[in-house]
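**Student:** quick one, structure for this:
(2 chains)
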Protein chains: 2
Amino acid sequence: MFESAEIGHRVAKKEYKARAPELRKALLDAQYRLLEKARSPVVILVNGVDGAGKGETVNLLNEWMDPRHIRTEAFGQSTDDERDRPEMWRFWQVLPAKGRIGILFGSWYTDPILCHVMGHDRKARFAQRLERIRHFERMLVDEGAVLVKFWFHLSHAAAKARLKALERDPKNAWRVTPGDWERYKHYGEFVDVCEKALRKTSSAEAPWQVIEGVDAGYRSLTAATMLLDALRQAEAERPKAKAKPLSVPPPAIDGRTLLASFDYARKLDTKHYEKQLESLQSRLANLSRDPRMARRALVVVFEGMDAAGKGSTIRRVTQALDARHYRVIPVAAPSDEERAQPYLWRFWRHVPRHGHATLFDRSWYGRVLVERVEKFCSDADWLRGYDEINAFEEQLAEAGAIVVKFWMAVSPDEQLRRFEERKATPHKNFKITEEDWRNRKRWPLYERAVGDMIDRTSTDVAPWFVVASDDKLFSRIEVLRHLCERIESTLGSDKGKGRK
Amino acid sequence: MFESAEIGHRVAKKEYKARAPELRKALLDAQYRLLEKARSPVVILVNGVDGAGKGETVNLLNEWMDPRHIRTEAFGQSTDDERDRPEMWRFWQVLPAKGRIGILFGSWYTDPILCHVMGHDRKARFAQRLERIRHFERMLVDEGAVLVKFWFHLSHAAAKARLKALERDPKNAWRVTPGDWERYKHYGEFVDVCEKALRKTSSAEAPWQVIEGVDAGYRSLTAATMLLDALRQAEAERPKAKAKPLSVPPPAIDGRTLLASFDYARKLDTKHYEKQLESLQSRLANLSRDPRMARRALVVVFEGMDAAGKGSTIRRVTQALDARHYRVIPVAAPSDEERAQPYLWRFWRHVPRHGHATLFDRSWYGRVLVERVEKFCSDADWLRGYDEINAFEEQLAEAGAIVVKFWMAVSPDEQLRRFEERKATPHKNFKITEEDWRNRKRWPLYERAVGDMIDRTSTDVAPWFVVASDDKLFSRIEVLRHLCERIESTLGSDKGKGRK
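**Tutor:** Below is the predicted model of the structure:
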């Protein structure tokens, strides 16, 4: 991977001076066109060997382009806020909006590479983290981002020569620390691991660009030219013909669906309801205050047809929780800041810290429900949604979150009854709109979408619970019970593990 | 202040049961109307004596209303992100948007009160912090927020009785820690300080509501009724007649303005420019890397008429900085999330951490420039803007930021020349729009606004530098020089202070 970046590439000063101004102007123009169209964000990753000119290149790009529309982020030690969440959270927080450029100094490669070099992560874990990155980058590109991955390289000899040269220069000698020489000693292992990482993650949609870092002129012209190419590619309309054939899940040949075959009719009488409600709420109250929860978070998703009783069920759950530690996120139309980001961004921003709970009243499943049925996005978009959602929830779970998802299953007849009732109740009038009646007509389409969703996203780490909801009392109790059990089984499995 | 809250207020269970349902329904209805109109945010502060039912009330309000549209925040130890910024930053981050309710458990009163009780803050500092809070709350109300300030109180005897009762109850005995008894010992001092705080900050627009906390029924009904009143008041259109007479600064009677009397014509030749640019940029580069900057932040504001050269000057500044440590924020139309917040919110979100710099290309001064001239806001709004801006910058400075503001002063003739030049240059075409020509016609109005702005907001901690900008070379050098000098003088004054 690095062979061509150890041959001493060099550009003569004269040539550099001749070519730089034009390149600079072209880059600036491309940046303004990007901004004007506001169709794609550009994400530039800057990684590589110490001393290979990473910082210099970042500053150069900021100098050559308009720094007002570039956001450069360097990732050092994680903050308290970051440590309590999935590792990708900090990167989601700084993704550039459409039309803008984000330069990530360090990026999501740094930690997996270092952990493997230092021996904290074994081979399998390293491979898993790279696979996750591949997946994340594919998502970025699918969402329209231009992803440019720079790797600045120095040969073993060049790395040594650079440290020596710095030491000799009185103005720069202070820059060389014992740590630098220590890292230099491990050059071989480090480069081996990096090579593996690059090979595994150099995909067709987001290939690595390896640049030899010895000569500033060569390095700068090469990086700038590569970036310009990427910006120009982003401008060109993507050829539709390139789209791969899609396989939309077909309806079952006997016409049956999961929801249509579901038993909606289960009931509970008021007396049993009240007794169980009290006991389950106090069980949940205790669980949520369990000391082990300080190292865990809780993410609960409520989905269901209109009038399925999501709101009133959520209230039965929050009654058992301390308001200081939970948030309810009602999901409606995205804000303009959210629309300028990849689909999952608006949910990532609400990922709870350890010790906290977030309840979603509708959620990221909108992608494979309403957006699929109403054709708000292309088939390709919602089809890749399943994978993206599973990866998201897997990361939540890995970072300590207990993820529980409820489909509140109401029958068409009961929905109609509730609609009519709402229409007749003055202060609930506003809850029923034209849209609700329109959605109702698409019932069979939603039914298919729900079936596909549950088949594809009910996982070990984040199972779906389909809850019969024609009787509100029954469904509330079911939700509380599943929630308690899920927390209990997760906390139970913590015992032997010695989580910090 | 607390006399009426020590008389043993009580509501019989029967009465509570009779009144609660109606109150609950009324609150929920009011909440939905608030949400639908989306005109005001509601901020509820919950403070008071330990054990007086603060947590219980917060949970009750979440139970009685729709928790999906309430965001409850409890403020514990500050995170490292928070410690590196002004103390109000954490509160700005969680202000509710219009139509929503934010419950702040703890709020901006906790720290000033505790610091004074513990003896960390002397009287004068305590008074200053309270004055700042008053100012902040007045701003919230002026921006349309409904502010409800609850203080839950227990008499000395009741506080003791409560701790004893908890200890006796086997289920709750664990709740009583030695710390609780320790705090109880200081009840007298604590209540004295609180009383002072409440008196100083109980303003007409945001009065404190003191509620005796002994009896749950009394406490709950009282808090809910007060909140309902506040929500209803928010619904009523504010009577315009109540507006105080405003004193818009009159033009000087001789018709002269600061800008019109300014000498725009200063020049620098290319040779001197290049020499000075190099020396100033390296001076700034060294300053920005000074170890003392790790405990400081840098906030630089660029304002000026269109085509005054802000963008190209910013680039000369950023060339000297490390891209990993600065951000440039170009200020254009606010996003919808920003529009749903108080005016300064969109700038607070970009306040830099220690060790970082933020450069604003246009800024919060839009309030007293374009918004004043174009009448985007009322006279009352921009008039209070001066004070709000000064308070904002004072907080930045107090938290360690070096705040430097540049007015790039270009003459009408030179602006015209640049407009024509842009029109004639194909790739700069897009930079000149109808709006630029329209703004140009309002030159005298802008001139007056700029004069008023500089008079009212050039302060010790955040001075304005008016820079002659008809010659771009001269103005860039001036900006760099002022910036360096300002940083040097601030760092110089740090020496003896032993900042951590």
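**Student:** can you give me the strands in the stretch 351-500 of chain A?
**Tutor:** Along the stretch 351-500 of chain A, counting by DSSP state E, counting those that start in this stretch, strands occupy A:357-361, A:401-409, A:464-468.
**Student:** quick check: buried residues in stretch A:269-282?
**Tutor:** A:273, A:276, A:277, A:280, A:281 (16 or more other CB atoms under 10 Å in any protein chain shown). (Each C-beta comes from the backbone N, C-alpha and C, glycine too.)
**Student:** could you give the average pLDDT over it?
**Tutor:** Mean per-residue pLDDT for stretch A:269-282: 96.
**Student:** what about it, near chain B?
**Tutor:** No: using CB under 8 Å from any CB of the partner chain, stretch A:269-282 stays clear of chain B, coming no nearer than 10.9 Å.
**Student:** need the residues that contact that stretch.
**Tutor:** Applying CB atoms under 8 Å, 6 or more residues apart in numbering or on different chains, the contact partners of stretch A:269-282 are A:268, A:316, A:319, A:320, A:473, A:474, A:476, A:477, A:480, A:481, A:484.
**Student:** so what's the second one closest to, chain neighbours aside?
**Tutor:** Nearest non-adjacent residue to residue A:316, counting by CB to CB, 6 or more residues apart in numbering or on different chains: residue A:476, 4.8 Å away.
**Student:** do I have it right that residue A:436 meets residue A:307?
**Tutor:** Yes: look at residue A:436 against residue A:307 with CB atoms under 8 Å: they come within range, at 7.4 Å.
**Student:** please enumerate the shared neighbours of these two.
**Tutor:** Common neighbours of residue A:436 and residue A:307, using CB under 8 Å, 6+ apart, are residue A:419.
**Student:** between these two, which one's more packed in?
**Tutor:** The neighbour count for residue A:436 versus residue A:307, taken as other CB atoms under 10 Å in any protein chain shown, is higher for residue A:307 (22 against 16).
**Student:** which residues touch that one?
**Tutor:** By CB under 8 Å, 6+ apart, the contact set of residue A:307 is A:410, A:415, A:418, A:419, A:422, A:432, A:436.
**Student:** want to throw the residues you listed into CSV with pLDDT and distance to residue B:337?
**Tutor:** Formatted as CSV, the contacts of residue A:307 follow (pLDDT from 0 to 100; distance: CB to CB, whole Å):
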residue, pLDDT, distance to residue B:337
A:410, 95, 33
A:415, 94, 33
A:418, 93, 33
A:419, 92, 32
A:422, 86, 30
A:432, 75, 28
A:436, 86, 27
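**Student:** can you list contacts of the top helix by length along chain A?
**Tutor:** In chain A, assigned by DSSP state H, the helix with the most residues is helix A:13-37. Here helix A:13-37 makes contact (CB under 8 Å, 6+ apart) with A:40, A:42, A:61, A:64-66, A:69, A:99-101, A:217, A:220-221, A:224-225, A:227-228, A:231-232, A:234-235, B:427, B:430.
**Student:** low-confidence ranges, the stretch 101-250 of chain A, go.
**Tutor:** Within the stretch 101-250 of chain A, the stretches with pLDDT under 70 are A:237-245.
**Student:** go on, the stretch 301-450 of chain A?
**Tutor:** Within the stretch 301-450 of chain A, the stretches with pLDDT under 70 are A:426-431.
**Student:** list, one by one, the residues from it near chain B.
**Tutor:** A:311, A:314-315, A:318-319, A:322-330, A:335-337, A:361, A:427, A:430.
**Student:** buried subset of those?
**Tutor:** For these, a burial check counting by 16+ other CB under 10 Å picks out A:311, A:314-315, A:318-319, A:322-330, A:335, A:361.
**Student:** most widely separated two among the residues you listed?
**Tutor:** A:319 and A:335 (29.3 Å; CB to CB).
**Student:** what is the subsequent helix or strand relative to the longest helix of chain A?
**Tutor:** Next along the chain after helix A:13-37, taking DSSP states H and E as the criterion, comes strand A:42-48.
**Student:** closest to residue A:441 among the buried residues of stretch A:269-282?
**Tutor:** Distances from residue A:441 to the buried residues of stretch A:269-282, taken as CB to CB, are shortest for residue A:273 (33.0 Å).
**Student:** so which helix or strand takes in the closest one?
**Tutor:** Here residue A:273, judged by DSSP H and E, is contained in helix A:270-288.
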